[in-house]
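Asker: Below are the sequence and a predicted model; questions follow.
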Amino acid sequence: MRVLHILTSGIFPMPGGMEASVLRIAKALAEPGHSRVIVYTRRQASEWTAAHPSHGTVEAIHLGLEKAFLMAPLEQRGRATTEGVPSEYLLESLRMDYLLALSAIREKIAAEPGAEHILLSFYLTSNGFIAQQIALALGIPHVASVQGSDFSRDFRSPYHVQSIRFVLENSRLTIANNHEQARILAAAFPGARPIRTIHNALEEDVAGQRWASPAGGENRLAADCEFSFKKGTHVLLRAVAELAAHGERISLTVAGRVAAKEKTYWDECRREYTERYPGVFCFPGWLAPDELRALLLSSAAYVSGTFGEGCSLGQMRAMALGLPIVATRTGALPDLCDGAAHVRLCAPGNARELAAAIGTMLAGMRDGSIAVDARRVDEWRRLFSPETERSDWEAALSAL
């Protein structure tokens, strides 16, 4: 019997891409009679801690509930707003995470001493760092999973890079979610243990759904990036406004929520753009998956100004539907989309270059000089299938 212990920040139904991915992977690896999966969450908000039908046989243990009691004496010292520059509160918080997770996992191991116990973590610089210390204490193998923020932001931070080194050099295996992560992390840390690439899966069934150019040649662009600094939403808005100011008949729909700590900025930003460019911008808020697919299928292109991520659900969805894409040259896109005629990539943080790339894509689609590469779309569908993800994870764990 194999028992997989997964340390992570949260699990569905708590909202978030990583939360959904953790549950998907956990359920895929839970095989009755062969593998049992236990997920330990550090940051699950109390409103999402009730047992959920979607978890199936996956057991969820929420460490944050007990942690809130343990940390209560330090509340007046002030919390760190991020896991960046450490405060005294943050250092004690991470220590409590370690102690709570260590005790919970040790108890499960004691209950099944004859089982093969493996520790998995998602997000190197927090969960992975804590999980690696637990693995050393308990003498069990640790498999760490790189997330987009690990590489696009934390790898560039002097406060995080040593955490990454500690995990890469001590874990039994590290899972990257694109080849760029694997290649650069291996080069930066020659002492790293093996790094293996497994692409995330697209849960949604897109079989039978294919993008076709909208009737009437409407130049509607779609984005599901939300309103967030890290997604470069302000860069995208400026790029589309520049095209509209130069006479391009264009519109942009940006779906998604507003980053809570940036709300004042985005409220003003949305007001300004809708007033200055009537009919160009549409901000419908959060859309359900079927609503979002309908938006993408009725649009001329998917656009993104993100500053960096692995391979977002939005990007994967657009690729699997065969939608023309104009995005920044980050994460998995340069490797996965190399040579694809209907994908244009440009430098992150450059609104003018993004605007030019969008204009070129729309013009090419209108005059027929750019066509969707159907063969590449089929390749992406196979790559992003849940079965491919499951078999790749199973092969990685079996090789430990």
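Answerer: Yep, that arrived.

Asker: Where in the chain is the helix or strand with the lowest mean pLDDT?
Answerer: Every helix and strand of the chain was ranked by mean pLDDT, DSSP states H and E. The lowest is helix 148-152, at a mean of 83.

Asker: Just list what that one packs against, helices and strands only.
Answerer: Judged by 3 or more Cβ pairs under 8 Å, 6 or more residues apart in numbering; DSSP states H and E, helix 148-152 is in contact with helix 179-188. C-beta here means a position set from N, CA and C on the backbone, and glycine is covered the same way.

Asker: Please point out which parts of the helix it packs on sit buried.
Answerer: Neighbour counts using 16 or more other Cβ atoms under 10 Å place 180-182, 185 of helix 179-188 among the buried residues.

Asker: before we move on, what about stretch 5-20?
Answerer: For stretch 5-20, by 16+ other Cβ under 10 Å, it's 5-14, 18-20.

Asker: for stretch 147-165, same thing?
Answerer: Buried residues in stretch 147-165 (16+ other Cβ under 10 Å): 147-155, 160, 163-165.

Asker: So which of the buried residues of stretch 5-20 belong to strands?
Answerer: 5-8 (DSSP state E).

Asker: any chance of those in a markdown table, plus distance to Met71?
Answerer: A markdown table is the format used below for these (distance: Cβ to Cβ, whole Å):
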| residue | distance to Met71 |
| --- | --- |
| His5 | 23 |
| Ile6 | 23 |
| Leu7 | 18 |
| Thr8 | 19 |
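
Asker: any idea which of these is the one closest to Gly191?
Answerer: Leu7 (23.0 Å; Cβ to Cβ).

Asker: what's that closest one in contact with, if anything?
Answerer: 40, 42, 101, 119-122, 127, 130-131, 134 (Cβ atoms under 8 Å, 6 or more residues apart in numbering).

Asker: and of those residues, the nearest to Ile370?
Answerer: Looking across the contacts of Leu7 and measuring by Cβ to Cβ, the closest to Ile370 is Phe122, at 37.1 Å.

Asker: give me every residue that touches the closest one.
Answerer: 6-9, 18, 21-22, 128, 145, 147 are the contacts of Phe122 under Cβ under 8 Å, 6+ apart.

Asker: Go through the longest helix along the chain and flag the buried ones.
Answerer: For the chain, the helix that runs over the most residues, judged by DSSP state H, is helix 88-111. By neighbour count on 16+ other Cβ under 10 Å, the buried set for helix 88-111 is 89-90, 93-94, 96-98, 100-102, 104-105, 108-109.

Asker: Next: stretch 293-300.
Answerer: Buried, per 16+ other Cβ under 10 Å, within stretch 293-300: 293, 295-297, 299-300.

Asker: Same question for stretch 358-374.
Answerer: Neighbour counts over stretch 358-374 (16+ other Cβ under 10 Å) mark 358-359, 361-362, 364-365, 370, 372-373 as buried.

Asker: In TSV: those residues, plus pLDDT and distance to Lys67.
Answerer: Supplementary listing: these in TSV, determined by pLDDT from 0 to 100; distance: Cβ to Cβ, whole Å:
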residue	pLDDT	distance to Lys67
Ile358	96	46
Gly359	95	51
Met361	95	48
Leu362	93	51
Gly364	93	54
Met365	90	52
Ile370	91	53
Val372	94	49
Asp373	94	49
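
Asker: Of all pairs in these, which one is the farthest apart?
Answerer: Gly359 and Asp373 (20.6 Å).

Asker: need the contact list for the nearest residue to Gly310 once chain neighbours are set aside.
Answerer: In this structure, Gly310 finds its nearest non-sequential neighbour in Gly148, 3.5 Å apart by Cβ to Cβ, 6 or more residues apart in numbering. By Cβ under 8 Å, 6+ apart, the contact set of Gly148 is 177, 308-312, 331.

Asker: hang on, the earlier thing: quickly name whichever of the buried residues of stretch 5-20 is closest to Gly114.
Answerer: His5 (15.8 Å).

Asker: isn't the closest one right up against Glu112?
Answerer: No: using Cβ atoms under 8 Å as the test, His5 is too far from Glu112 to be in contact (11.0 Å).
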